[in-house]
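Chemist: got a sequence here, can you build the structure:
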Amino acid sequence: MFYSEIRNKQTSFSTLETGSGEPILFLHGFPDNNKTFSQIMEPIARQGYHCVAPVMRGYEPRTISHWSKLHINDLVLDILAWMDDRGWDHVHLVGHNWGAVIAYAAGIYYPMRISSITSIGVPLLKNYQETLIWAPQQSFHSWYLLLFQIPFLAELTIRSNQFALIDYLWKDWSPELLPNQDHLAEIKNNFQNPGVLSSALSYYRNLNDLLTETGRESILGILDAVVGAPTQVLYGEEDGCFHRNLFEQLLKDSDFSQGLKKKGFENCGHFLHWEEPEAVAEEILSWVKKNKYTL
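Modeler: Down below sits the predicted model:
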């Protein structure tokens, strides 16, 4: 495994990479970093794949962007730019948390470039309005969304008590997981870089942005679209971030024109790739092999 860079037109993004062959992009979420995939990338790479995990936009000082450049559409365009930088016509996407949201969007807007999608821990948000029917308790799981909308207060709360909220979220979202403390320390250290935490929180704040054209396109595009790439969704049945009913009831075959596969894991939570890395790697391998790009 090695460190490298991948570029869009404006700047370069740090990456963690391993292997060679058909490319797979691994997209991380919050509160996390690209090394979250290190346990599953190696076994996948050994089967003949080039695994690349970029640091997502805004998660390192050189890629900090104004909030108006951190909409879902902008983050999807990063994927296309990275592909062009490496000369990839097609790519498989593996996304966790926010990375899954962005992967879905890429499959909505540019399905002809996406060979397959594996979402870890996040349902398609298109039918989220049905949450009150199938999972009324989700409102309790989503309390942090309200906090993250408040500038300054959210940053202050997350930084307080040595970033204790990050520890709490990992424990709340994956109750049975004993997190790697070195990994959590690296996440916290990164959020001490000026501007990085606010940039990462802008992902959440832009979910309510109906004032800008990009904001409206990002939100309405997902609410009124179909994922056009083969998609599998892996989720923990004890996920404290998204209730299991959101995966079991709100994911509909009609919203995935090229097929949907979903698999729940017992006694696992949101950070499924940490709790069952071997099984998750096997599921990803099976899916990308089934949806191998051919000319």
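Chemist: drop to CA atoms for contacts and neighbour counts, all remaining ones
Modeler: Fine.
Chemist: find the centremost residue of this structure, please.
Modeler: Nearest residue to the geometric centre of the chain (Cα atoms, centre = their mean): G99, 1.6 Å.
Chemist: quick one, what contacts the closest residue to W98 other than its chain neighbours?
Modeler: Nearest non-adjacent residue to W98, counting by Cα to Cα, 6 or more residues apart in numbering: G29, 4.3 Å away. Under the criterion of Cα atoms under 8 Å, 6 or more residues apart in numbering, the neighbours of G29 are G95, H96, N97, W98, G99, A100.
Chemist: for L234, see how far away the second one is.
Modeler: Right, the one you point to is H96. To L234, H96 is 10 Å away according to Cα to Cα, to the nearest Å.
Chemist: mutual contacts of those two, please.
Modeler: Residues touching both H96 and L234 (Cα under 8 Å, 6+ apart): S119, I120, G121.
Chemist: give me the number of residues near the second one?
Modeler: By the criterion of other Cα atoms under 10 Å, I120 has 26 neighbours.
Chemist: now do the helix or strand hosting K262, average pLDDT.
Modeler: If you go by DSSP states H and E, K262 is part of strand 260-265. Strand 260-265 comes out with an average pLDDT of 97.
Chemist: for the chain, just list every one of the helices.
Modeler: Under the criterion DSSP state H, the chain contains helices at 38-45, 72-86, 98-109, 131-134, 138-141, 143-148, 153-173, 181-190, 196-205, 213-223, 244-248, 272-275, 277-290.
Chemist: got CSV for those, with distance to E60 too?
Modeler: As requested, the helices of the chain are exported to CSV (distance: least, Cα to Cα, whole Å):
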stretch, distance to E60
helix 38-45, 18
helix 72-86, 15
helix 98-109, 16
helix 131-134, 34
helix 138-141, 28
helix 143-148, 19
helix 153-173, 16
helix 181-190, 7
helix 196-205, 6
helix 213-223, 23
helix 244-248, 32
helix 272-275, 23
helix 277-290, 26
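Chemist: dump these to JSON lines, plus mean pLDDT and distance to Y3.
Modeler: Compiled in JSON lines, the helices of the chain are given as follows (pLDDT from 0 to 100; distance: least, Cα to Cα, whole Å):
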{"stretch": "helix 38-45", "mean pLDDT": "97", "distance to Y3": "12"}
{"stretch": "helix 72-86", "mean pLDDT": "95", "distance to Y3": "15"}
{"stretch": "helix 98-109", "mean pLDDT": "96", "distance to Y3": "20"}
{"stretch": "helix 131-134", "mean pLDDT": "62", "distance to Y3": "40"}
{"stretch": "helix 138-141", "mean pLDDT": "76", "distance to Y3": "35"}
{"stretch": "helix 143-148", "mean pLDDT": "93", "distance to Y3": "31"}
{"stretch": "helix 153-173", "mean pLDDT": "97", "distance to Y3": "25"}
{"stretch": "helix 181-190", "mean pLDDT": "98", "distance to Y3": "16"}
{"stretch": "helix 196-205", "mean pLDDT": "95", "distance to Y3": "20"}
{"stretch": "helix 213-223", "mean pLDDT": "73", "distance to Y3": "31"}
{"stretch": "helix 244-248", "mean pLDDT": "89", "distance to Y3": "34"}
{"stretch": "helix 272-275", "mean pLDDT": "98", "distance to Y3": "21"}
{"stretch": "helix 277-290", "mean pLDDT": "98", "distance to Y3": "21"}
